[in-house]
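S.K.: Dropping the sequence and predicted coords here.
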Amino acid sequence: MTNKSSQNDQVFDGSLLLRAVQDSEADLPGVCRYLSTLEQANSRLLVTRGHKESLVAATHEATRQLRADLKAHREAVCAMHNFIKSVLGRRSEKLVRYGIRPVRRRGGIRGGLPN
């Protein structure tokens with residue numbers, strides 16, 4: 001038997017072994033104790049694997065929804081900033097209260113470049 005490390009390979013190999021032992025139980029005296037343990041472990045594994053896959057799907061959906069909500073939030077923030085700037089003006093120092101940097105004049109005489 002080769003050393004397979006992926007979970008899918010391990011589940012597949014374990015399921016093949018379980019079926020083979022179930023089919024030839026009569027040829028393996030005393031296997032009942034081990035077979036019962038393998039059946040229980042296999043059953044728990046399949047349930048847990050299904051649970052994990054549903055959680056992964058839910059995580060993908062939550063990420064998609066989060067991205068959509070963040071986009072809507074950014075658009076709402078942008079709209080609010082634009083509204084506040086339209087009311088107060090782009091240069092008002094009151095904009096700082098709302099987390100908006102006012103447009104300030106550059107240094108020099110009347111905002112122009114020095115001569």
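M.R.: Thanks, I have it.

S.K.: rest of the way, CA atoms for contacts and neighbours
M.R.: Fine.

S.K.: show me where the protein has helices.
M.R.: Along the chain, the stretches classed as helices by DSSP state H are 7-23, 32-88.

S.K.: how far is the last one from where the chain is centred?
M.R.: On the basis of C-alpha atoms, centre = their mean, to the nearest Å, the separation between the geometric centre of helix 32-88 and that of its chain is 5 Å.

S.K.: and the direction of it versus that of helix 7-23, what angle?
M.R.: 150 degrees (axes from the mean of the first three to the mean of the last three C-alpha atoms, to 10 degrees).

S.K.: In terms of secondary structure, what does helix 32-88 contact?
M.R.: When contacts are defined as 3 or more C-alpha pairs under 8 Å, 6 or more residues apart in numbering; DSSP states H and E, helix 32-88 packs onto helix 7-23.

S.K.: residues in contact with the helix it packs on?
M.R.: With contacts defined as C-alpha atoms under 8 Å, 6 or more residues apart in numbering, helix 7-23 is touched by K4, L35, L38, E39, N42.
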